[in-house]
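**Student:** okay, predicted coordinates and the sequence, questions at the end:
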Amino acid sequence: MAYPFPALTPEQKKELSEIAQRIVANGKGILAADESVGTMGNRLQRIQVENTEENRRQFRELLFTVDTSINQSIGGVILFHETLYQKDSQGKLFRNILREKGIVVGIKNGLVPIVEPEVIPDGDHDMEHCQYVTEKVLAAVYKALNDHHVYLEGTLLKPNMVTAGHACTKKYTPEQVAMATVTALHRTIPAAVPGICFLSGGMSEEDATLNLNAINLCPLPKPWKLSFSFGRALQASALAAWSGKAANKKATQEAFMKRALANCQAARGQYVHSGSPGAASTQSLFTASYTY
Ligand code: 13P
């Protein structure tokens, strides 16, 4: 039967599904470094650094030139358009530095289609309400993807975790968040999807990691890799350590490596929190009406 849409060739399907699997293999996840100029400006303002292209470049250079072993935790990096063309201080394109580490890099080409239906945490709704809305949204998204014959094996999903609204007075444990999240996914996401990379959505670094760990330990069927595509929850400690000073390179890169490793462990359900977390890692990263 001829289908009224341009089908992917078997080679294209193979390439897409291999890239998708590679990004989430062995606890790896995505560093979302695709903040727009305005969003980076808000972050830099908090550490009293001017929002110039050079300052944005310098911070991202620290992330991308971190120790090569970062490729054991980070499988893909999503760049902002500006960053795709930026170079390190030796004149080497960031995208080549990342590729040489074996990390998949891109804005959309080069990566795979990433489906991102986010239910935002603004509001005082409880977790059950978030679960109800998340299930409704995910069901509609996958109905539409199927209607358009999207090749699911070659995609990744980037959803919110199911959490209560930021202003909800009731608090939930990571295990409760995990049960609500995996239940919502189990009801709506086909097993053909290779990986689900949660966004951090304003959670503190530590909360995002603890929730991801609990999600991977949740005793429900989980036919997909459950990993991370964190922006705020991978960069907050590093930004605080950097504070715009070249002399803080080592501390910045150590802070970034620490979060990347913690999230890789969490994506395998092996995160054991030890020692006292730094102040930056427990701070809520919520911003009302956040835009990426
Ligand atoms: P946050 O983790 O800051 O929500 O960002 C996720 C993301 O993937 C943006 O592209």
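**Tutor:** In hand now; what should we look at? Numbers count the residues shown, from 1 in each chain.

**Student:** so Tyr172 sits against Gln131, correct?
**Tutor:** No - applying C-beta atoms under 8 Å, one finds Tyr172 not in contact with Gln131, separated by 10.8 Å. (Glycine included, C-beta is placed from N, CA and C.)

**Student:** list residues touching both of these two?
**Tutor:** Ala180 (C-beta atoms under 8 Å, 6 or more residues apart in numbering).

**Student:** would you mind measuring from Val24 to Gly231?
**Tutor:** 17 Å (C-beta to C-beta, to the nearest Å).

**Student:** now do the same end-to-end measure for stretch 221-241.
**Tutor:** Counting by C-alpha to C-alpha, to the nearest Å, you get 39 Å between the two ends of stretch 221-241.

**Student:** check the gap between Thr163 and Gln131 for me.
**Tutor:** According to C-beta to C-beta, Thr163 stands 9 Å off from Gln131.

**Student:** okay, the two: which has more neighbours?
**Tutor:** Between Thr163 and Gln131, counted using other C-beta atoms under 10 Å, Thr163 has the larger neighbour count: 25 against 21.

**Student:** give me the nearest residue to that one, chain neighbours excluded.
**Tutor:** Setting aside the residues directly before and after it, Thr163 is nearest to Val177 in space (C-beta to C-beta, 6 or more residues apart in numbering), at 5.6 Å.

**Student:** please identify the helix or strand for that neighbour.
**Tutor:** Per DSSP states H and E: Val177 is located in helix 174-188.

**Student:** pull out the buried positions in that helix.
**Tutor:** 174, 176-186, 188 (16 or more other C-beta atoms under 10 Å).

**Student:** spell out which residues of this protein are next to the ligand.
**Tutor:** Applying C-beta under 6 Å from any ligand atom, one finds that the chain approaches the ligand through 32, 34, 78, 158, 199-201, 229-233, 292.

**Student:** which one of those residues sits in the busiest neighbourhood?
**Tutor:** Ala233 (29 neighbours).

**Student:** what residues does it make contact with?
**Tutor:** By C-beta under 8 Å, 6+ apart, the contact set of Ala233 is Ser200, Met203, Ser204, Glu205, Ala208, Thr209, Arg259, Asn263, Leu285.

**Student:** which residues in the stretch 51-200 of the chain form strands?
**Tutor:** Along the stretch 51-200 of the chain, counting by DSSP state E, counting those that start in this stretch, strands occupy 74-79, 104-106, 114-115, 156-157, 195-198.

**Student:** closest one to Gln58 among these?
**Tutor:** Among these, strand 74-79 comes nearest to Gln58, with 15.6 Å by C-beta to C-beta.

**Student:** need the contact list for the residue nearest the centre of the chain.
**Tutor:** When C-alpha atoms, centre = their mean is applied to the chain, the residue found nearest the centroid is Ser229 (1.1 Å). Applying C-beta under 8 Å, 6+ apart to Ser229 gives the contacts Gly29, Ile30, Ala32, Ile78, Ile114, Leu156, Lys158, Cys197, Phe198, Leu199.

**Student:** distance to Val104 added to those residues, as CSV?
**Tutor:** Below are the contacts of Ser229 laid out as CSV (distance: C-beta to C-beta, whole Å):
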residue, distance to Val104
Gly29, 11
Ile30, 9
Ala32, 13
Ile78, 10
Ile114, 11
Leu156, 11
Lys158, 14
Cys197, 12
Phe198, 18
Leu199, 18
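
**Student:** what's the farthest-apart pair in the residues you listed?
**Tutor:** Using C-beta to C-beta, the contacts of Ser229 span at most 13.9 Å, a distance reached by Ile78 and Phe198.

**Student:** just the endpoints, please. Distance across stretch 272-288?
**Tutor:** Terminal residues of stretch 272-288 are spaced 31 Å apart (C-alpha to C-alpha).
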